[in-house]
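Enquirer: Sharing a sequence plus its predicted fold:
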Amino acid sequence: MINKQGSAKWTGDLKSGKGHVSTESGALADQPYGFNTRFEGQAGTNPEELLGAAHASCFSMALSLVLADYGATADEINTTATVSLDKEGDGFAVKKVHLDLSARIPDLDEAAFQTAANAAKEGCPVSKLFKGAEITLDAKLL
C-alpha cells in the first residue's frame with residue numbers, strides 16, 4: 001500500500017476564516033484557501049481545483065498505461081478535469097467531473113484512442129474515488 005499525505009489548517013468561522021493546505025512532498029506549502037477562494041473567485045486554491053488536478057494527473061497516467069496495451073506511446077497528453085460543486089439540500093456535493101483530453105499519439109487510430117480513453121476514465125484510481133459522481137469525457141486525438 002502506498003500512503004501519501006495532504007494536510008490543512010483552518011482558523012476562524014466559515015465565511016471569514018482562513019486556511020492553508022500543504023502536501024507531504026512540498027509541492028504545495030501553506031497555500032491559502034477559504035470561503036472567498038472557493039465561492040467568490042479570490043486568489044488561492046480550493047478543494048475542487050485540487051481534486052481536479054488530482055483527477056487530471058491520475059487519468060493522464062492511467063491513459064499512458066492503457067496505451068501500452070495498444071503498443072502506443074503518447075507524445076503528449078493534456079487533460080483538464082472540471083469538478084462541479086452543486087448545492088444539495090443545506091450543503092454542497094461534488095456530483096460531476098468532466099474530463100477534457102487532447103493527446104498526440106502516433107500510429108493510433110480514432111477508435112482505439114476513444115476505447116483507450118474510456119478505459120482510462122474507468123480504471124483511474126481517482127475516477128474510482130468519484131464513483132458516486134457522473135464522470136464525462138471529451139477526447140480529441142490530435
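Expert: Alright, I've got the coordinates.
Enquirer: so what pLDDT did Asp109 get?
Expert: We have a pLDDT of 96 for Asp109.
Enquirer: Can you report how many residues neighbour it?
Expert: Residue neighbour count, defined by other C-beta atoms under 10 Å, stands at 12 for Asp109. The way it works is simple: take the backbone N, C-alpha and C, and place the C-beta from them, glycine included.
Enquirer: Now do it against Gly123, distance only.
Expert: In this view, Asp109 and Gly123 are 21 Å apart by C-beta to C-beta, to the nearest Å.
Enquirer: which one in this structure is furthest away from the centre?
Expert: Most distant from the centre of the chain: Gly12, at 28.1 Å, with distances by C-alpha atoms, centre = their mean.
Enquirer: measure that one to Gly19 for me?
Expert: For Gly12, the distance to Gly19 - C-beta to C-beta - is 9 Å.
Enquirer: try Pro47
Expert: Pro47 is 10 Å from Gly19, where distance means C-beta to C-beta.
Enquirer: Show me the helices in this structure, by range?
Expert: 35-39, 47-68, 110-123, 125-129 (DSSP state H).
Enquirer: Arrange those in CSV, one row each, with mean neighbour count and distance to Asp138 as further columns.
Expert: Formatted as CSV, the helices of the chain follow (neighbours: other C-beta atoms under 10 Å; distance: least, C-beta to C-beta, whole Å):
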stretch, mean neighbour count, distance to Asp138
helix 35-39, 17, 25
helix 47-68, 19, 12
helix 110-123, 17, 9
helix 125-129, 15, 15
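Enquirer: With respect to Ala81, which of the ones you listed lies nearest?
Expert: Smallest distance to Ala81 across the helices of the chain (C-beta to C-beta): 4.0 Å, for helix 47-68.
Enquirer: Understood, closing this out.
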